[in-house]
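Q: Sequence plus the predicted model coming up.
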Amino acid sequence: MSNRIIHWFKFASPQSFYPLAGKMIPWFWALTAVFGAIGLWISFFVAPTDAVQGEGYRIIFIHVPASWMSMFIYMVMAAWAGLGLALNTRLSGMMAQALAPTGALMAFISLWTGAFWGKPMWGTWWVWDARLTSELILFFLYIGFIALQAAIDDPRRADKAGAILALVGVVNVPIIYFSVKWWNTLHQGASVSMMKSPSMAQTMLWGMLIMALCFWMYSIAVALMRVRAIILERETHTEWVKELPEVKQ
Amino acid sequence: MSAFLAIIRRDLLLAMRRKSEVLTALFFFIIVVSLFPLGIGPEPQLLKKIAPGILWVAALLSTMLSLNRLFATDHADGTLEQLVLSPTPLGLLVAGKIVAHWLTSGLPLVLLAPVLGVQFDLDASALGILVGALLLGTPLLSLIGAIGAALTLGVRGGGVLLSLLVLPLYVPALIFGAGAVEAHISGLGATGHLSLLAALLALAAFFAPWATTAALRVSLE
């Protein structure tokens, strides 16, 4: 047992986090590639053709991980935002800002692939199903967060305003989800449900989980790259940024 | 408490002196509601079915319009900074401003809605439910909207941004508010919807002034 203490708060400063993020990024990209290769191989070649849905069902290997990520990233974003408000750390706001576009992208992919899946399966691009609608509203929440941050010039104010919005949003996400769910069930019996599909084959589940890991690693890698760019942008005036080899040349 | 009442009185007085702002939002509500039959067609059956939704969407949009003036004028003439510096808790003052906003923009909608509902051939009991739902729902709109108004205070393109921030958060109010009337018309009973609306209102009444205060402090830094 080593009694070496790691000072985690050291990495709350952009100056020390910047090189750490730089070291971590290649690893996360490598993991993305590995999981992506395995996941795609399973989803295209190993997973059997679905008896009911044919080959078209394979889009869920992208669709489901993207939906999971879109919801999860919002939670992480709100957690960073709350941390930033509570501890007044600059990096937290930057992390929240870096995560938002990835989250919005995931929500968009989820809606887009959902439409592609819906056309052959349900015969329509879009239904006002509870999941689709709440995913759409989640996408709007992301866009609102990005727009608010973009509209405020002072980065510290943008961080704090965005943090309050993210926290208000995260309280609202479950409320919106359940209200949309009840709205839908009251309007009409659920004509289509993703849960009704016959129980999933084991390989399909594995393919989906590994693809989800791939999306995780991709999101982390991209968020870290983006946070590095944000750090450089906001800290241009500091000495340590001017000393960086990539800035000097 | 006296500060709370004083700020309500002050905001009401200011609204009375500038009647046009309040009236513009009201007429906007009336015009939007009247446009739908023109766009959709005059079939009474269809109009009756979509009336609650139309009235609610129009109420949402009209509230959006009036949200801008909740803090903007006070921010422009420096009153807001005085409020922040005053010894009274800011949350209480903000709550007073929200109440005043509801009295000038929400309550008139509630009172007008039955008149417009008659245009859509809603019967008396459905109108009663509509008024009840709006009575519970419009304060909710003011409360949630205040957070957005405080966040976008003095920001570029604040008005459009405000709608982008606030409208997604209005979805539950819209669903339960319009749903209450529809459930009543279809014979399911509206109590469930109204209870949920009341629950949301209680939740927002507790948290929204607090979040608005935090947002105002960020905006005024």
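A: Ah, there it is. Residues are numbered from 1 along each chain as shown, chains lettered A, B, ... in the order given.
Q: and the longest helix belonging to chain B, what's its mean pLDDT?
A: Ranked by residue count under DSSP state H, the longest helix found in chain B is helix B:44-76. Helix B:44-76 carries an average pLDDT of 89.
Q: swap in stretch A:149-164?
A: 89.
Q: gap between it and the chain center?
A: Distance, stretch centre to chain centre, for stretch A:149-164: 20 Å (CA atoms, centre = their mean, to the nearest Å).
Q: and it, is it in reach of chain B?
A: Yes. Among the residues of stretch A:149-164, A:151-153, A:156-157, A:160-161, A:164 lie within reach of chain B under CB under 8 Å from any CB of the partner chain. The way it works is simple: take the backbone N, C-alpha and C, and place the C-beta from them, glycine included.
Q: right, and the helix or strand after the longest helix of chain B?
A: helix B:79-85 (DSSP states H and E).
Q: what does that following helix contact?
A: Contacts to helix B:79-85, defined as CB atoms under 8 Å, 6 or more residues apart in numbering or on different chains, come from residues B:7, B:71, B:73-74, B:90, B:93, B:216-217, B:220.
Q: And that helix, what's buried?
A: B:80, B:83 (16 or more other CB atoms under 10 Å in any protein chain shown).
Q: One more: stretch B:86-99?
A: Per 16+ other CB under 10 Å, stretch B:86-99 contains these buried residues: B:90-99.
Q: Tell me the residues of chain A that contact chain B?
A: A:85, A:137, A:140-141, A:143-144, A:147-148, A:151-153, A:156-157, A:160-161, A:164-165, A:167-169, A:171-172, A:175-176, A:179-180, A:182-183, A:186.
Q: Can you flag the buried ones in those?
A: By neighbour count, with 16+ other CB under 10 Å, the residues of chain A next to chain B hold A:85, A:137, A:140-141, A:143-144, A:147-148, A:151-152, A:157, A:160-161, A:164-165, A:167-169, A:171-172, A:175-176, A:179-180, A:182-183 as buried.
Q: Show me those residues that map onto helices.
A: Per DSSP H, these map to helices at A:85, A:137, A:140-141, A:143-144, A:147-148, A:151, A:157, A:160-161, A:164-165, A:167-169, A:171-172, A:175-176, A:179-180, A:182-183.
Q: Where does pLDDT dip in chain A?
A: A:1-6, A:51-52, A:184-201 (pLDDT under 70).
Q: switch the cut-off to 50
A: By pLDDT under 50, the weakly predicted segments of chain A are A:1, A:187-193, A:196.
Q: and chain B, which of its residues are near chain A?
A: B:147, B:151-152, B:155-158, B:161, B:164-165, B:167-169, B:171-172, B:175-176, B:179, B:182-183, B:188, B:196, B:200, B:207, B:211, B:214-215, B:218-219, B:221.
Q: Among those residues, name the buried ones.
A: B:147, B:151-152, B:155, B:158, B:161, B:164-165, B:167-169, B:171-172, B:175-176, B:179, B:182-183, B:196, B:200, B:207, B:211, B:214-215, B:218-219.
Q: A:Arg157 reaches B:Val218, doesn't it?
A: Yes. In this structure, A:Arg157 is within contact of B:Val218 by CB atoms under 8 Å, at 6.0 Å.
Q: can you give me the helices for chain B?
A: According to DSSP H, the helices that chain B contains are B:2-17, B:19-40, B:44-76, B:79-85, B:90-101, B:107-119, B:124-151, B:158-166, B:171-185, B:191-220.
Q: One more: chain A?
A: A:14-41, A:60-87, A:90-122, A:130-151, A:155-187, A:202-234, A:239-243, A:245-248.
Q: Export those helices as JSON lines, with columns for distance to B:Val131.
A: Shown next, in JSON lines, are these (distance: least, CB to CB, whole Å):
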{"stretch": "helix A:14-41", "distance to B:Val131": "54"}
{"stretch": "helix A:60-87", "distance to B:Val131": "36"}
{"stretch": "helix A:90-122", "distance to B:Val131": "37"}
{"stretch": "helix A:130-151", "distance to B:Val131": "27"}
{"stretch": "helix A:155-187", "distance to B:Val131": "21"}
{"stretch": "helix A:202-234", "distance to B:Val131": "47"}
{"stretch": "helix A:239-243", "distance to B:Val131": "60"}
{"stretch": "helix A:245-248", "distance to B:Val131": "64"}
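Q: of the ones you listed, which approaches B:Ala133 most closely?
A: Nearest to B:Ala133 among the helices of chain A is helix A:155-187 (13.8 Å), distances taken as CB to CB.
Q: now for that closest one, which elements pack on it?
A: Judged by 3 or more CB pairs under 8 Å, 6 or more residues apart in numbering or on different chains; DSSP states H and E, helix A:155-187 is in contact with helix A:60-87, helix A:90-122, helix A:130-151, helix B:124-151, helix B:171-185, helix B:191-220.
Q: would you turn these into CSV with distance to B:Lys48?
A: Shown next, in CSV, are the helices and strands packed on helix A:155-187 (distance: least, CB to CB, whole Å):
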stretch, distance to B:Lys48
helix A:60-87, 37
helix A:90-122, 30
helix A:130-151, 24
helix B:124-151, 9
helix B:171-185, 8
helix B:191-220, 18
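Q: Identify whichever of those helices lies nearest to B:Ile40.
A: Of those, nearest to B:Ile40 by CB to CB is helix B:171-185, at 16.0 Å.
Q: Can you list the neighbours in contact with that closest one?
A: By CB under 8 Å, 6+ apart, helix B:171-185 touches A:137, A:172, A:175-176, A:179-180, A:182-183, A:186, B:48-49, B:51-53, B:55-57, B:60, B:122, B:125-126, B:129-130, B:132-134, B:136-137, B:140-141, B:144, B:189-190, B:192-194, B:196-197, B:200.
Q: Go again with 6 Å.
A: A:137, A:175-176, A:179, A:183, B:52-53, B:56, B:126, B:129-130, B:133, B:137, B:140, B:190, B:193-194, B:196-197 (CB atoms under 6 Å, 6 or more residues apart in numbering or on different chains).
Q: cool, and stretch B:55-68?
A: B:25, B:28-29, B:32-33, B:105, B:109, B:113, B:141, B:145, B:149, B:159, B:163, B:170, B:174, B:177-178.
Q: What subset of these is buried?
A: If we count by 16+ other CB under 10 Å, those have these buried: B:25, B:28-29, B:32-33, B:105, B:109, B:113, B:141, B:145, B:149, B:163, B:170, B:174, B:177-178.
Q: Which single one of these is nearest to B:Gly78?
A: B:Ala149 (17.5 Å).
Q: surely that closest one meets B:Arg69?
A: No. Contact criterion CB atoms under 6 Å: B:Ala149 and B:Arg69 do not qualify, at 8.7 Å.
Q: tell me which residues of stretch B:17-24 are tucked away?
A: Those would be B:21-22, for stretch B:17-24 by 16+ other CB under 10 Å.
Q: To A:Val34, which of the helices and strands packed on helix A:155-187 lies closest?
A: That would be helix A:60-87 among the helices and strands packed on helix A:155-187, by CB to CB, at 15.3 Å.
Q: what packs against the closest one?
A: The contact analysis (3 or more CB pairs under 6 Å, 6 or more residues apart in numbering or on different chains; DSSP states H and E) places helix A:60-87 against helix A:90-122, helix A:155-187, helix A:202-234.
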